[in-house]
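Peer 1: compute the structure for the input listed below.
(2 chains)
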Amino acid sequence: MTTSMLWRAGRRLLLIAGLPAVLITAWWLATANSTNFYWPPLRTIVEVFGPTWLEGKLTSDVLPSLARLGVGYLAALALGIGIGVAIGSSTTLRATVEPVLEFFRAIPPPVLVPILILFAGIGDGMKVLVIVSGAIWPILLNTVEGVRSIDEVLRDTAACYRFRTRTRLTTLILRGASPQIMTGARQALSIAIILMVISEMFAASNGLGFTIIQFQRSFALPQMWSGIILLGLIGVALSLLFRLVETRVLAWYFGQRDTQQSGA
Amino acid sequence: MTTAPPTTAPAATDTRRGRGIPHGALGAAGFAGLILLLELLPRAGVVDARFLPPFTEMAVALSDQLASPAFWDALVATLRGWIIGLAIAMAAGVSAGILIGSVPALRAATASTIEFLRPIPSVALIPLAVLLFGTDMRSTLLLVVYASFWQVLVQVLYGVTDVDPIARDTARSYRFSLWRQVRTVLWPTALPYVMTGFRLAAAVALILEITGELIIGSPGLGNAIAVAKSSGAVDTMYALVIVTGVIGVGVNLAARFTERRALRWHPSIRREVAA
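Peer 2: A predicted model of the protein is given here:
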């Protein structure tokens, strides 16, 4: 019993870690004695990683970037859900503004960077604004769609029982729309990360994107590679964090879906 | 209705159309309102006209652009980069997806790697692309392909898992050749997923194409926006941003049209048309 469990756990571990280990080893060996300027040995990259990012730059570049990302993303969530609920609740309003919103969503968000620089300069405000202006659309449009497709019967029931606005909002509208809101929020997260980097590459005096571009311009290749790896790790960490939040928020929904699927 | 997945919900509520003012007119009114706002805000001095020129000035700049060959060159460069990148990503994503998806061992072994590589922001590759290819079109292409490849791959993987086991076993017992199995059993099941991947990838590819041009400086509309910005031609900049938005809408519509076209035979589309 225990041996078979151990065996299974070992197999699982092998499946999860096997290929990444092979790939990293291949990278390590292929570049081990590399004198190619563009592809420094992975060993060197790993060696410079600590000194480059963990001493000094952590507080001067990495944390400010993440703080702007956090503020911008949360603001986009709050605004997107708030406006989305308002628009989704009125058919006329929705028909009026939806084409305009679809147009704004279709604009590639990074082109807003030069425009927002005009208004907000190149400070923290601009970067947060860039993140909000790009990340808000998927959240907003998905919220509208989610609120719109809430079951009519549930809606009428809530009206019959004269739910207070607050109760109606938390138990019916936000709950009912949450699967779609989360879909929008997931798209928005990857857009927000892209915009965090882009806004710093365009004009900044600190931040991850800025530092990586500095390394590239000064041909500090191992440092640049370590920055690329760090950005990748941040992307992966945030997507794991998101999934954690999602399973919490949508626990009821996944449960319901599973029951329905097994029942059918 | 609660049992319906979110994707089928819109069809149900759209049947309520036809009451009161038609939605098309309301949408047009929305756009008119936006244009009016863009015209009046700077004119009334609410917003600095240096930062947000009145809409009429943007329109003049836009018509100037439409008359200049440089604009059309940039537009063609952008669309070409987008199409090439999307085509490479589709071809690579679909073939890799079918291969990985139909071999269970391969699928299990690559799952963690795919989950890890997918969320890596493609813009992280910008410095590398610049070093390798300079401001050449290829550096933007690298970003476009990287970003849209994952969209396609993940959808194809979902699609391949969705194959009905009975249909697969039937094909096997009749000893269909491998190619015939892929073509008659796997492909029709996976096609709706492939088309979803195509739609997502088309939008992502456009974003990355224009981002690459803007940041790296490879030829195209993004680069034209950067040039307009640094030369202080604010109205031209807005005109070009509007153009990118129109292209974005066009890409979405074209992708949706292609999807419906390719899935004409599929129950989900047939049902919508009948309703």
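Peer 1: run a quick neighbour tally on the residue in chain B that chain A sits nearest to.
Peer 2: Closest to chain A within chain B is residue B:248: 2.9 Å, counting by Cβ to the nearest Cβ. Heads up, the C-betas are built off the backbone N, CA and C, glycines and all. For residue B:248, the count of nearby residues is 23 (other Cβ atoms under 10 Å in any protein chain shown).
Peer 1: my read: it touches residue B:202, true?
Peer 2: No - counting by Cβ atoms under 8 Å, residue B:248 sits too far from residue B:202 to count as a contact (9.9 Å).
Peer 1: shaky segments in the stretch 51-200 of chain B?
Peer 2: Across the stretch 51-200 of chain B, nothing is flagged by pLDDT under 70.
Peer 1: in the chain, which spans are helices?
Peer 2: By default, I'm working from chain A. Here chain A has its helices, by DSSP state H, at A:2-30, A:42-49, A:57, A:63-89, A:91-106, A:112-120, A:124-148, A:152-160, A:165-167, A:174-202, A:208-217, A:221-249, A:251-263.
Peer 1: that's the wrong chain, I meant chain B
Peer 2: Using DSSP H, the helices of chain B run over B:9-14, B:23-43, B:55-67, B:69-102, B:104-117, B:126-133, B:137-161, B:165-173, B:178-181, B:187-216, B:221-230, B:234-262, B:267-274.
Peer 1: count of neighbours near the residue lying closest to residue A:48 once chain neighbours are set aside?
Peer 2: Once flanking residues are discounted, residue A:48 sits nearest to residue A:222: 4.7 Å by Cβ to Cβ, 6 or more residues apart in numbering or on different chains. Using other Cβ under 10 Å, residue A:222 has 19 other residues around it.
Peer 1: need the residues of the stretch 151-264 of chain A near chain B, please.
Peer 2: By Cβ under 8 Å from any Cβ of the partner chain, the residues of the stretch 151-264 of chain A that approach chain B are A:151-154, A:179-180, A:183, A:190, A:193-194, A:197-198, A:201-202, A:209, A:212-213, A:215-216, A:221, A:224-225, A:227-228, A:231-232, A:235-236, A:238-239, A:260.
Peer 1: excluding chain neighbours, what is closest to the residue of chain B closest to chain A?
Peer 2: According to Cβ to Cβ, 6+ apart, the nearest residue to residue B:248 is residue A:106 (2.9 Å).
Peer 1: I'd assumed residue B:252 was in contact with the one you found.
Peer 2: Yes - using Cβ under 8 Å, residue A:106 is in contact with residue B:252, at 6.0 Å.
Peer 1: quick one: contacts for the spatially most central residue of chain A?
Peer 2: Residue closest to the mean C-alpha point of chain A, counted by Cα atoms, centre = their mean, is residue A:189 at 2.0 Å. By Cβ atoms under 8 Å, 6 or more residues apart in numbering or on different chains, residue A:189 lies in contact with A:73, A:135, A:238-239, A:242.
Peer 1: pLDDT wise, what is it at?
Peer 2: If you check residue A:189, the pLDDT there is 91.
Peer 1: what's the spacing between it and residue A:246?
Peer 2: If you measure residue A:189 against residue A:246 using Cβ to Cβ, to the nearest Å, the figure is 11 Å.
Peer 1: now residue B:159
Peer 2: In terms of Cβ to Cβ, residue B:159 sits 22 Å off from residue A:246.
Peer 1: any idea how many residues pack against the closest residue to chain B within chain A?
Peer 2: When scored by Cβ to the nearest Cβ, chain A has residue A:106 as its residue closest to chain B, at 2.9 Å. Using other Cβ under 10 Å, residue A:106 has 21 neighbouring residues.
Peer 1: make TSV from the helices of chain A and add distance to residue B:73 to it.
Peer 2: Putting the helices of chain A into TSV (distance: least, Cβ to Cβ, whole Å) gives the following:
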stretch	distance to residue B:73
helix A:2-30	40
helix A:42-49	39
helix A:57	41
helix A:63-89	35
helix A:91-106	23
helix A:112-120	20
helix A:124-148	27
helix A:152-160	53
helix A:165-167	55
helix A:174-202	24
helix A:208-217	27
helix A:221-249	32
helix A:251-263	49
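Peer 1: show me the shaky parts of chain A.
Peer 2: Counting by pLDDT under 70, chain A has low-confidence residues at A:1, A:261-264.
Peer 1: looking at residue B:159 and residue A:246, which has the bigger crowd around it?
Peer 2: Using other Cβ under 10 Å as the criterion, residue B:159 and residue A:246 rank with residue B:159 on top: 25 against 18.
Peer 1: can you pull the contacts of that one?
Peer 2: Residues touching residue B:159, when contacts are defined by Cβ under 8 Å, 6+ apart, comprise B:97, B:101, B:189-194.
Peer 1: if we can go back for a sec, give me the common contacts of residue A:106 and residue B:252.
Peer 2: Joint contacts of residue A:106 and residue B:252 (Cβ under 8 Å, 6+ apart) are residue B:203.
Peer 1: enumerate the residues of the stretch 1-150 of chain A near chain B.
Peer 2: Neighbours of chain B within the stretch 1-150 of chain A, by Cβ under 8 Å from any Cβ: A:15-20, A:23, A:38, A:91-92, A:95-100, A:102-115, A:117-119, A:145-146, A:148-149.
Peer 1: please convert the buried members of those into PyMOL selection syntax.
Peer 2: If you want just the buried ones from the residues of the stretch 1-150 of chain A next to chain B in PyMOL, going by 16 or more other Cβ atoms under 10 Å in any protein chain shown, the selection is:
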select buried, chain A and resi 15+16+18+19+91+95+96+97+98+99+100+102+103+104+105+106+107+108+109+110+111+112+113+114+115+117+118+145+146+148+149
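Peer 1: rewinding a little: among the residues of the stretch 151-264 of chain A next to chain B, name the buried ones.
Peer 2: By 16+ other Cβ under 10 Å, those give A:154, A:179-180, A:183, A:190, A:193-194, A:197-198, A:201-202, A:209, A:212-213, A:215-216, A:221, A:224-225, A:227-228, A:231-232, A:235-236, A:238-239 as buried.
Peer 1: which residues touch residue B:260?
Peer 2: Per Cβ under 8 Å, 6+ apart, neighbours of residue B:260: residue B:269.
Peer 1: quick one: it and residue B:198, what's the gap?
Peer 2: If you measure residue B:260 against residue B:198 using Cβ to Cβ, the figure is 12 Å.
Peer 1: residue A:34 contacts residue A:28, doesn't it?
Peer 2: No - in this structure, residue A:34 is not within contact of residue A:28 by Cβ under 8 Å, at 10.5 Å.
Peer 1: what touches both of those two?
Peer 2: Common contact partners of residue A:34 and residue A:28 (Cβ under 8 Å, 6+ apart): residue A:41.
Peer 1: before we move on, back to that, and the residue of chain A closest to chain B, what does it touch?
Peer 2: So residue A:106 contacts B:203, B:245-249, B:251-252 (Cβ under 8 Å, 6+ apart).
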